[in-house]
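Undergrad: coordinates only, no sequence provided:
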């Protein structure tokens, strides 16, 4: 089996490439969903349905690739753990949100409120996972180092050490 570990390592290294697709889909879905509040813009409903389903499925694939990256490459530490757990939570919440939306569409749920809450929570957890991933990639002070009054300058050596 040792001879095939490179395949898992290679697939894991696709995580940074794959992870941005579900992020974009789920965030745009949330924005589109806001446009439908109050029964407005119902023409978006079919697109929203497919974006939630595809976003949830690709979030699960991205989480799997992230798991492979962590387990078949050299990533350790609390920040990696937190990113992994929030990434997995995003995938699970995305699937639950897709199921909630399907139940609304099939009239098993009376309205969109529970689904919208699920979508909101999914996007919040996704944002946290994305922030932690950016910290892993660019360093914890990547955004704040350029702010006026911040005496700390961005030090790329922290990112290189990861």
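TA: Great, that's in hand. Being a predicted model, the structure only gives us computed values, none of them experimental.

Undergrad: against which helices or strands is whichever strand or helix holds residue 53 packed?
TA: Residue 53 belongs to helix 45-72 when assigned by DSSP states H and E. In terms of contacts (3 or more CB pairs under 8 Å, 6 or more residues apart in numbering; DSSP states H and E), helix 45-72 is packed against helix 5-12, helix 15-18, helix 20-35, helix 78-105. Yep, even glycine has a C-beta here, placed from its N, CA and C like the rest.

Undergrad: let's see it at 10 Å
TA: Judged by 3 or more CB pairs under 10 Å, 6 or more residues apart in numbering; DSSP states H and E, the packing partners of helix 45-72 are helix 5-12, helix 15-18, helix 20-35, helix 78-105, helix 113-138.

Undergrad: so can I have CSV of these showing mean neighbour count, mean pLDDT and distance to residue 56?
TA: CSV is the format used below for the helices and strands packed on helix 45-72 (neighbours: other CB atoms under 10 Å; pLDDT from 0 to 100; distance: least, CB to CB, whole Å):
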stretch, mean neighbour count, mean pLDDT, distance to residue 56
helix 5-12, 14, 92, 20
helix 15-18, 16, 92, 14
helix 20-35, 18, 96, 8
helix 78-105, 19, 97, 3
helix 113-138, 18, 95, 8
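
Undergrad: contact partners for the residue nearest the centre of the chain?
TA: The centroid of the chain falls nearest to residue 126 when counting by CA atoms, centre = their mean (4.1 Å). With contacts defined as CB atoms under 10 Å, 6 or more residues apart in numbering, the neighbours of residue 126 are 19, 22-23, 26-27, 30, 55, 59, 86-87, 89-91, 93-94.

Undergrad: what about residue 56, neighbour count?
TA: 25 (other CB atoms under 10 Å).
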